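Participant: have a look; sequence and predicted model below, questions after that.
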Amino acid sequence: MYLTLILTYNKNMTSRELQQRLSQNLKDLRSGRFTQETLAEAAGLSPQMINNIEGCRRWPSETTLVKLANALDVDVQQFFSPSSNESLHTNGIYREVSFVVVQKIRHTLNKTLDELEF
């Protein structure tokens, strides 16, 4: 059920991209709080399972996702949300594009004003 909803929500992503996002978000969410071993223990999973998920070698089942989310005290959807790095990158691109658009508007406006002044 979760995977179907997540794939629908992230419909523009490939399966591999989604798996990479899951891997990175899992690493980020446990960073500074858990090692792979302590997270595995808290979630009732094997350390190898955590390693395989983070290494993009295995897709977790819905049950495993729920166990991980409970151990990390997060919602399952956070595993598939854009990471803060992705958001920062997207915001940077947005600023760059906005700057270029504003420059083009200024140029066009100034050109039009110059033409109106004869």
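Facilitator: Now that the structure is in, tell me what you want to look at.
Participant: can you pull out the low-pLDDT segments for this structure?
Facilitator: When residues are selected by pLDDT under 70, those of the chain lie in 1-11, 83-97, 118.
Participant: what do you get if the cut-off is 80, keeping everything else the same?
Facilitator: Across the chain, the ranges flagged by pLDDT under 80 are 1-13, 83-104, 117-118.
Participant: tell me how far the residue nearest the centre of it lies from residue 13.
Facilitator: Centroid-nearest residue in the chain, with CA atoms, centre = their mean: residue 82, separated by 2.1 Å. According to CB to CB, to the nearest Å, residue 82 stands 10 Å off from residue 13. C-beta: built from backbone N, CA, C; applies to glycine.
Participant: name the residues contacting each of these two.
Facilitator: residue 21 (CB atoms under 8 Å, 6 or more residues apart in numbering).
Participant: state the distance from residue 114 to residue 65.
Facilitator: 60 Å.
Participant: neighbour count: these two, which is higher?
Facilitator: residue 65 (22 against 9; other CB atoms under 10 Å).
Participant: my read: the more buried one touches residue 79, true?
Facilitator: Yes: the criterion here is CB atoms under 8 Å, and residue 65 meets it with residue 79 at 6.5 Å.
Participant: any shared contact partners between those two?
Facilitator: Counting by CB under 8 Å, 6+ apart, nothing touches both residue 65 and residue 79.
Participant: so what's the gap between stretch 61-81 and the chain middle?
Facilitator: Relative to the centre of its chain, stretch 61-81 is centred 14 Å away, using CA atoms, centre = their mean, to the nearest Å.
Participant: and it, what's buried?
Facilitator: Neighbour-count burial for stretch 61-81, counted by 16 or more other CB atoms under 10 Å, picks out 64, 65, 67, 68, 69, 71, 72, 76, 79, 80, 81.
Participant: equivalent analysis for stretch 19-29, please.
Facilitator: 19, 21, 22, 23, 24, 25, 26, 29.
Participant: many thanks, I have nothing further to ask.
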